[in-house]
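Peer 1: Task: produce atomic coordinates for the following.
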Amino acid sequence: VSGGDDEIQQLQKALLDYLDENTEIDASLVFSRKFYVAQWFRDTTMETEKAIKSQKDEDSSEGTHHAKDVETTGQIMHRAESRKKFLRSIIKTAPSQFSTLKMNSDTVDYEDACLIVRYLASMRPFAQSFDIYLTQ
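Peer 2: Predicted coordinates:
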């Protein structure tokens, strides 16, 4: 996985497929599925707000690259909206309908799900800054 938005969404979808598939075995997986969707939605909102705020700070200090910043802000908003649209489509899908939309659920087992969770967790801001905290 190269870490692009499409790859991350595929991993998120595979993890949600796994959780949905195993809700009969463990009822707490329903909560886990809802928690992940809510957390990813929140992360998208926070990342967008941080990116726009940092661009506004740069814009006020430089002022000469305004047209370039506006274009970048538009790209950030477009990417955030596509992520939110993906998550909303998952939220609106009932669990019974979700099973009909499965793409790779037959290839995801428990070990794969654990690996996906670790990878997605490593993409979070705290996990990325954890090495900095350790070195300090």
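Peer 1: Quick one: mean pLDDT for the longest helix along the chain?
Peer 2: Counting by DSSP state H, the longest helix found in the chain is helix 28-62. Averaged over helix 28-62, pLDDT sits at 84.
Peer 1: Name the next helix or strand following that helix along the chain.
Peer 2: Using DSSP states H and E, the next helix or strand after helix 28-62 towards the C-terminus is helix 66-92.
Peer 1: Would you mark the buried spots in that next one?
Peer 2: Residues of helix 66-92 classed as buried: Asp69, Thr73, Ile76, Ala80, Arg83, Phe86, Leu87, Ile90 (neighbour count, 16 or more other C-beta atoms under 10 Å). All C-beta spots, glycine's among them, are computed from the backbone N, C-alpha and C.
Peer 1: Which elements pack onto it?
Peer 2: Helices and strands touching helix 66-92, by 3 or more C-beta pairs under 8 Å, 6 or more residues apart in numbering; DSSP states H and E, are helix 5-21, helix 28-62.
Peer 1: Okay, buried residues for the shortest one please.
Peer 2: Judged by neighbour count using 16+ other C-beta under 10 Å, the buried positions of helix 5-21 are 8-9, 11-21.
Peer 1: Could you work out the most separated pair of those residues?
Peer 2: Ile8 and Glu21 (20.2 Å; C-beta to C-beta).
Peer 1: now the longest helix of the chain against helix 5-21, angle please.
Peer 2: In terms of direction (axes from the mean of the first three to the mean of the last three C-alpha atoms, to 10 degrees), helix 28-62 departs from helix 5-21 by 160 degrees.
Peer 1: Could I get the buried residue list for helix 28-62?
Peer 2: Buried, per 16+ other C-beta under 10 Å, within helix 28-62: 29, 32-33, 36-37, 40-41, 43-44, 48, 51-52, 55, 59.
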